[in-house]
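1. Next comes the sequence, and after it the predicted model I'd like to discuss.
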Amino acid sequence: MNYYSLNKQAPNTSFKDAVIKGLAPDKGLYFPESITPLPKSFWDNIDNLSHTEIAFEAIKQFVSPEIPEDILKTIVTETLSFDFPVVKLNDNISTLELFHGPTMAFKDVGARFMARCLGYFNKDNTNEVTVLVATSGDTGGAVANGFLGVKGVNVVILYPSGKVSDIQEMQLTTLGQNIKALEVNGTFDDCQAMVKTAFLDEALTSQMQLTSANSINVARWLPQLFYFIFAYKQLHNQNDDIVFSVPSGNFGNVCAGMMAQQLGLPIKHFIASNNANNVVTRYLISKLYEPKPSVQTISNAMDVGAPSNFIRIQEIYKNKFEVLKENLSSYNFSDNQTKEAMLEIYNNSSYVADPHGAVGYLGCKAYLKENPNSHCVFLETAHPTKFLDVVEDVINEKQPLPEQIQSVMGRKKESVVISTYDDLKSFLLS
Ligand SMILES: Cc1ncc(COP(=O)(O)O)c(C=O)c1O
Ligand SMILES: N[C@@H](CCOP(=O)(O)O)C(=O)O
C-alpha cells in the first residue's frame, strides 16, 4: 500500500517509508491511497474468527507487500497476546476494556505493532532509528514498554512536567536501556509541536533517522482499528445498532474506529467524548475549527488542544461537514461531571471506571437521550489504578494494584528537564 501526505506537497510513499519517516516531508500526516472493504464473507463469518485472524485480514492491505504474510501473522499474534473483553453495564451501555496489555492502556496495541514493524524493517540493524514520542500520559509508557531493548532503535519521550499521573510517569521514566525521558516545562501540545519541528529540522534529520511513535505514525495508528471489530464480534448477535463512545484527545483512536467502518464494520455512528479540551465538540456546532491551548483535567491523557488526527477524520469523510456530522457526535464534560459519572457507574454497576472511561460513559448517556434504541459501547482506555488518587478519592475505596502496575512502583525515575526546542535539539545531538 502506498501512502500520501495530507498536506499534498510530498511524494507518495510505501508503508515501510511511511513508518520509518513518521511524518511526511511537508509535515503532513500519511493516509492510505485506497481502502478496500473486507468481503461480506468476512463479516458473515466473524463469529468463527480469532482476534489474530481478524487483525490479520483487517491490516493486510495496509502493510503489504513490504511485510510478508507469514511475518505479519507473527506480528499480530505477538501484538495481541492479551484480552479485549466487553463488559455489559446495563441494557444500553457496555464498556470495551482496552487495558489488559503490559502498560494497561489502549496504546499497547499500536505500540507493540509498530515496534515489531520497525524491528522487521531494521532487522539487519543497518540504520539506527530515533523514535520521538510526545505523551500526555499513556503513549509514553506503552512505547517505552513496546520498544524496550529493540535493537537499532533509540526512544526519546517528551512529557509535560507535572501533568501526567504518578504511575504514568513511572512507566515512562524508569525503564532505562534505549529509552530516555524528557520532562518538558509546558503542555502536551508543546511536546507535540517540538516533535513535529524536529522532523523538519535538517540539522537534525541530516544526522539521524527520526520517526514518531505517536498516532501520527501509520503503524501506531492503524492497528487501533482491531478492537472495534473485536467488540462488534462480541455484541452483534444481541444488538442491531451499536455505537462507540471514544474518550478522545489526539483523535487517533476514534479515527481508527472510522477506518474499521470504512472496511465495512457495520457501525453507523461514533461519539467523540471530550473533557474541557473540546475543539471538536465546538467544531461540530460552529463549523469553525479553532484549536486552543490545552487545559489540565483529571482525564489528563485527553488534555490535547490541537488534535493531530482530526485532519485524517476530515479526509475519511471527504471534507464534507454534513457527512461527518452524520457519523460523529461530540460532547464535552467537566471534571465534576466526570467524578459524578465514576461514582454513578460504581454505585449502579459495581464497576470501577477510570476518568477517561467515565468521560466515554457520559458521551453514551448524552447520545442515548436522543437515540434510546442504540447500544452504546464506551472504550475503557486505561486501567483505573493508573489514576489511583482520583479513583480512590471518588469511590472512597482502596484499589488492589494489578501486577503490571506493581512492577513499576518504587523504581527510580530518570528524566532530563527541558523547556525549549533548542534544548531538545541539543539533547538529540549530544
Ligand atoms: C487513557 C486514554 N484515554 C483516551 C485517550 C485519547 O485517545 P486519542 O488521543 O486517540 O484520542 C488517551 C490518549 O491518547 C488515553 O491515554
Ligand atoms: N493521549 C496521548 C497523547 C498522544 O496521542 P497519540 O495517540 O497520538 O500517541 C497519550 O497518552 O500520550
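-> Alright, I've got the coordinates. These numbers come from a predicted model, not from an experiment. Numbers count the residues shown, from 1 in each chain. Ligands and ions are numbered 1, 2, ... in the order given.
2. Sketch out the helices for the stretch 101-250 of the chain, chain order is fine.
-> Using DSSP state H, counting those that start in this stretch, the helices of the stretch 101-250 of the chain run over 107-121, 138-147, 166-173, 188-199, 202-205, 218-221, 226-235.
3. I'd like to know which of those lies nearest to ligand 1.
-> Ligand 1 lies closest, by C-beta to the nearest ligand atom, to one member of these: helix 138-147, at 3.2 Å. In short, each C-beta sits where N, CA and C put it, glycine included.
4. Stretch 150-160: which residues count as buried?
-> Using 16 or more other C-beta atoms under 10 Å as the test for burial, stretch 150-160 gives 150, 152, 153, 154, 155, 156, 157, 158, 159, 160.
5. isn't residue 305 right up against residue 292?
-> Yes. Taking C-beta atoms under 8 Å as the definition, residue 305 is a contact partner of residue 292 at 5.1 Å.
6. Who has more neighbours out of these two?
-> Between residue 305 and residue 292, counting by other C-beta atoms under 10 Å, residue 305 is the more crowded of the two (19 against 13).
7. So residue 64 versus residue 12, what's the distance?
-> Per C-beta to C-beta, to the nearest Å, residue 64 is found 16 Å from residue 12.
8. Please disregard the earlier target; I meant residue 408.
-> Applying C-beta to C-beta, the value for residue 408 to residue 12 is 41 Å.
9. likewise residue 117?
-> On the measure of C-beta to C-beta, residue 117 and residue 12 end up 19 Å apart.
10. The two: which has the busier surroundings?
-> Applying other C-beta under 10 Å to residue 117 and residue 12 shows that residue 117 carries more neighbours, namely 26 against 13.
11. all strands of the stretch 51-200 of the chain, in order?
-> 86-88, 93-97, 129-134, 153-160, 179-184 (DSSP state E, counting those that start in this stretch).
12. make that the stretch 251-400 of the chain, sorry
-> With strands called from DSSP E, counting those that start in this stretch, the stretch 251-400 of the chain shows them at 269-274, 328-332, 375-380.
13. From the contact counts, what lies against the last one?
-> Under the contact criterion of 3 or more C-beta pairs under 8 Å, 6 or more residues apart in numbering; DSSP states H and E, strand 375-380 touches strand 93-97, helix 226-235, strand 242-247, helix 355-370.
14. The third one to strand 375-380, inter-axis angle?
-> With axes from the mean of the first three to the mean of the last three C-alpha atoms, to 10 degrees applied, the angle from strand 242-247 to strand 375-380 works out at 30 degrees.
15. elements contacting strand 242-247?
-> Using 3+ C-beta pairs under 8 Å, 6+ apart, the elements in contact with strand 242-247 are helix 226-235, helix 252-262, strand 269-274, helix 355-370, strand 375-380.
16. one more time with 6 Å
-> Packing partners of strand 242-247 (3 or more C-beta pairs under 6 Å, 6 or more residues apart in numbering; DSSP states H and E): helix 252-262, strand 269-274, helix 355-370, strand 375-380.
17. Now do the buried residues in stretch 203-223.
-> Neighbour counts over stretch 203-223 (16+ other C-beta under 10 Å) mark 204, 209-223 as buried.
18. Report the entries of those residues that also contact ligand 2.
-> The subset of the buried residues of stretch 203-223 within reach of ligand 2, by C-beta under 6 Å from any ligand atom, is 214, 215.
19. just the buried residues of stretch 203-223 now: which is nearest residue 60?
-> Taking C-beta to C-beta as the measure, residue 60 lies nearest residue 222 of the buried residues of stretch 203-223, at 11.1 Å.
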